[in-house]
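Asks: Let me see the structure of the following:
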Amino acid sequence: MKIEQNESSIVPILLRVKHVAEYCGISVKAVYRWIDGGSLAVHRLPGAGPRGITFVSRADLELFLRRHRHQTGEVH
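Replies: Numbers count the residues shown, from 1 in each chain. Reported below is the predicted structural model:
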């Protein structure tokens, strides 16, 4: 999933964990480590599995990435 903002595209406000992983070039497990560690905020809806359906807001992801890049110089 490509996350870009321009006049001709609709940018989702909430992203599934798999889309966050694809965007960051990491595994879904790595995203869940960020979530479980409290570094990345999520929104959960009741649904399949013990975690339900997990979403990350685009704004929270952008904030996390800015902070993480500032601290480490990289995303991973």
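Asks: so who does Lys18 touch?
Replies: Residues in contact with Lys18, defined by CB atoms under 8 Å, 6 or more residues apart in numbering, are Val28. Every C-beta, even on glycine, is put in place using the N, C-alpha and C of the backbone.
Asks: Following the chain past the helix or strand it falls within, name the next helix or strand.
Replies: According to DSSP states H and E, Lys18 maps onto helix 17-24. Where DSSP H and E defines the elements, the next helix or strand beyond helix 17-24 is helix 28-36.
Asks: Distance from the next helix or strand after that next one to the middle of the chain?
Replies: The first helix or strand that comes after helix 28-36 along the chain, using DSSP H and E, is strand 43-45. Strand 43-45 has its C-alpha centroid displaced from the chain centroid by 13 Å (CA atoms, centre = their mean, to the nearest Å).
Asks: cool, stretch 21-29 as well?
Replies: Its chain's C-alpha centre and that of stretch 21-29 lie 9 Å apart, by CA atoms, centre = their mean.
Asks: Can you list the buried residues in that stretch?
Replies: Ala21, Glu22, Tyr23, Cys24 (16 or more other CB atoms under 10 Å).
Asks: still on that earlier bit, state the mean pLDDT of the helix holding Lys18.
Replies: Mean pLDDT, computed over helix 17-24, is 94.
Asks: and the buried residues of stretch 21-29 as JSON lines, adding distance to His43?
Replies: As requested, the buried residues of stretch 21-29 are exported to JSON lines (distance: CB to CB, whole Å):
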{"residue": "Ala21", "distance to His43": "17"}
{"residue": "Glu22", "distance to His43": "19"}
{"residue": "Tyr23", "distance to His43": "17"}
{"residue": "Cys24", "distance to His43": "18"}
